[in-house]
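> Here's a sequence, model it:
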Amino acid sequence: MKTNIFKKNHVYMAIIYTSIDINASVDTVWNIISDLDSEPKFWKGTKETRLVSRDGNVITREIVIAFRDSKCMQKITMQPKEKIHAEFTDGIIKGSKTLSLKPKDCGSSLEANWDVKMSGLAGMFTGIIKKHIRSGTEQALESIKQKAESS
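Okay, the predicted model is just below:
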């Protein structure tokens, strides 16, 4: 796993790459990660989700994150059985989270990539938040793995 934080134009960015191998089919893993309403079960940093609109594979939703119960808007693009790209369009987080799913011998590989920053005054907390995002992502991928392998 590789985790980086860097400063770009005086803005701290949290760049996080992590992945896990899962002994379950792409179909099984996809059924878990594409159920966006159940995201808070796996991603502890997401407290609530609310669907705003759906247009084919593009979903707009509001989420409440654990950091100060902040509300964020997301535009999610689903590429069935391959990728879920969530762009934070409004709120305290700016950037994106992408889940990529790939077939692998005897199972699949699930990768989570974050490229985010905290906006406004919260920007000074990006380094601290990065640690929480990394830890939460590792925990979420492990929980998804356990669920998929027990299905």
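> was I right about residue 118 contacting residue 91?
No. Counting by Cβ atoms under 8 Å, residue 118 sits too far from residue 91 to count as a contact (9.9 Å). Placement of C-beta: from N, CA and C, glycine included.
> buried residues in stretch 119-133?
Neighbour counts using 16 or more other Cβ atoms under 10 Å place 119, 123, 126, 129, 130, 132, 133 of stretch 119-133 among the buried residues.
> Looking only at neighbour counts, state which of residue 118 and residue 91 leads.
residue 118 (25 against 17; other Cβ atoms under 10 Å).
> Retrieve the pLDDT associated with the residue nearest in space to the middle of the chain.
Centroid-nearest residue in the chain: residue 97, 4.5 Å away (criterion: Cα atoms, centre = their mean). You'll see residue 97 listed with a pLDDT of 97.
> List the contacts of the host helix or strand of it.
Applying DSSP states H and E as the criterion places residue 97 in strand 93-104. With contact meaning Cβ atoms under 8 Å, 6 or more residues apart in numbering, strand 93-104 is reached by 13-14, 21, 26, 29-30, 33, 65, 70, 72, 81-88, 108-119.
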